[in-house]
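K.L.:
need a 3D model of the following:
(one chain, ligands or ions: 1)
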Amino acid sequence: MRETQPKSLTARDQNYLWHPLTQHKTAPPPLGIVRAEGALLFDEKGNTYIDGIASWYTAMYGHANRHIVDAMTRQMQQLDFVMFSGFTHKPAIELAERLLALLPSNQRRIFFNDNGSTAIEAGIKMALQYHHNQGEKRDTLIAFEDGFHGDTFGAMSASGLSVYNGPFEDFLLKVKRIPVPQEDNLADVLSQLKAIIDENACAAFVFEPLVQGAAGMKFHTAKGLDALMAICQKAGVLCIADEIMTGFGKTGKIFASDHLEQQPDMVCLSKALTAGMFPLSITSASEQVFNAFLSDEVHRGFFHAHTYSAHPVGCAAALAGLDLLTSEQIAERRSYIAKAHEKFIDKIPGHPAVENARTMGVILAVDLAVETDRYGNFRDKLYTFFMDRGVNLRPLGNTLYTLPPYVITNEQLQQVYDVMEAALDAVETWQS
Ligand SMILES: *Cc1c(COP(=O)(O)O)cnc(C)c1O
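P.N.:
Numbering: from 1, shown residues only. Got it, this is the predicted structure:
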């Protein structure tokens, strides 16, 4: 016997890799993916999957998008990378100009980071130093229950999903939590916030505007969030909008903040910023925040950097992404998907397996009427159910959701709905 068949990616992975969010003792081995195009993923065995969540809401203009790949290739050949301290470059400047034209009108400065967590981390540090520079010690953050802001220490502190935070709880920043505002609890949430502000030295309020992604695509009201932000702003508590999931058109407007009357002091963007092509993020700030760092004393500046800040290739990807976001073709697709989601939502509430179904923009979520752990067997069974039918959907606890790439075809979108409906029927038989 000579050489045996080369081992699969799945098999080779098992020897050396440590995956995120994975209990390696019990998790099934990961799938080897060899190619992606548009809304499709291709595995090493030749199977095809519709990417129903755009690979964690990043690849909104489709995988391997030509326009973006070309822009990145040109950028790599022109200027691959240069450090961003002491140097600047056109892709960063142009991206700042174009983002600021789209962001809430009070945003004036773009600070570059390299992923979502570090965008939040920078925002929190800016808020703490903003008060420090004005001679005030403010040591407390305000955040929503069940929020998710990333996995570095500051971001993790603001996150309220305890399944991620357990072992680290004694080492986190000081955070006070409030429930998200709904129609029926607003007065209560407002008085909780006022009490927290009265009793603590609050530096910033960190929130995912309108939609809490990792919590299970949970929605809250713009009216309620506006009221909370108004109270914070009156008390000098900086508002940090985490638009890492919601940004770039997913909620129906370019940013979720566009649904609000109040304007955040800072905005964090990543994920769809580079359309899944490159790790990059930004933290934008108002003039007022930026000005608090101006001084003849060097140490009042913001001494925080990542080596790959403002990577030119990432900026080129983001610029090409913005071309697409603001194109007629993508606008048409976004409104098609939003309308199709609404039709789907109208159809299923009578289903006995459905507790709640909701949609905003291209986000569609269905809560199942079952009690389950966030990472329990039930959730795994659902995930496998979808993958076996060629659709990548990752249930969050008992919530099924899709957030498809804007370029998903009508037929592919129908397939996503079909497997979701099939899951509703199947779930009923699993329980009995
Ligand atoms: C994904 C996400 C983050 C963290 O971003 P990473 O790039 O994974 O560090 C933070 N906030 C929200 C709302 C997210 O969806």
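K.L.:
wait, what's in contact with whatever residue of the chain ends up closest to the ligand?
P.N.:
Nearest to the ligand, among the residues of the chain, is G116, at 2.0 Å (C-beta to the nearest ligand atom). All C-beta atoms are positioned from the backbone trio N, CA, C, and that covers glycine. Under the criterion of C-beta atoms under 8 Å, 6 or more residues apart in numbering, the neighbours of G116 are H149, G150, A155, I244, C268, S270, K271, S281.
K.L.:
just checking, which of those residues belong to strands?
P.N.:
Among those, the residues falling in strands (DSSP state E) are C268, S281.
K.L.:
so which strand or helix has K176?
P.N.:
According to DSSP states H and E, K176 maps onto strand 174-178.
K.L.:
go on, D146?
P.N.:
D146 belongs to no helix or strand, assigned by DSSP H and E.
K.L.:
show me what contacts the residue lying closest to it once chain neighbours are set aside?
P.N.:
The shortest distance from D146 to any non-neighbouring residue, by C-beta to C-beta, 6 or more residues apart in numbering, is to A215 (4.1 Å). Taking C-beta under 8 Å, 6+ apart, we find A215 in contact with D146, G147, F148, L161, L396.
K.L.:
check Q129 too.
P.N.:
So Q129 contacts A292, F293, F302 (C-beta under 8 Å, 6+ apart).
K.L.:
any weak-confidence spans in this protein?
P.N.:
For the chain, applying pLDDT under 70 flags the ranges 1-4, 162-164, 373-375, 431-432.
K.L.:
show me the domain layout of it.
P.N.:
9-64+328-431, 67-325 (automatic domain parsing).
K.L.:
which of those domains sits most buried?
P.N.:
Mean neighbours per residue, mean count of other C-beta atoms under 10 Å, is largest over the domains of the chain for domain 67-325, with a mean of 19.
K.L.:
next, the residue nearest in space to the middle of the chain: phi, psi?
P.N.:
Central residue of the chain (C-alpha atoms, centre = their mean): M245, 2.3 Å from the mean position. Main-chain torsions, M245, degrees, to the nearest 10: phi -90, psi -50.
K.L.:
now do the contacts for the closest residue to it other than its chain neighbours.
P.N.:
Distances taken as C-beta to C-beta, 6+ apart put G213 closest to M245, at 3.8 Å, once the chain neighbours are dropped. Listed by C-beta under 8 Å, 6+ apart, the contact set of G213 reads Y57, F148, M245, T246.
K.L.:
please flag which of the contacts of Q129 sit within helices.
P.N.:
Taking DSSP state H, every one of these sits outside helices.
K.L.:
how about those residues in CSV, adding distance to the ligand?
P.N.:
Conversion of the contacts of Q129 to CSV gives the following (distance: C-beta to the nearest ligand atom, whole Å):
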residue, distance to the ligand
A292, 24
F293, 24
F302, 20
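K.L.:
looking at those residues, spot the one nearest H311.
P.N.:
F302 (19.0 Å; C-beta to C-beta).
K.L.:
contacts only, for that closest one.
P.N.:
F111, K125, M126, Q129, F293 are the contacts of F302 under C-beta under 8 Å, 6+ apart.
K.L.:
one more pass at 6 Å, please.
P.N.:
F293 (C-beta atoms under 6 Å, 6 or more residues apart in numbering).
K.L.:
how near is it to K125?
P.N.:
Separation of F302 from K125 (C-beta to C-beta, to the nearest Å): 7 Å.
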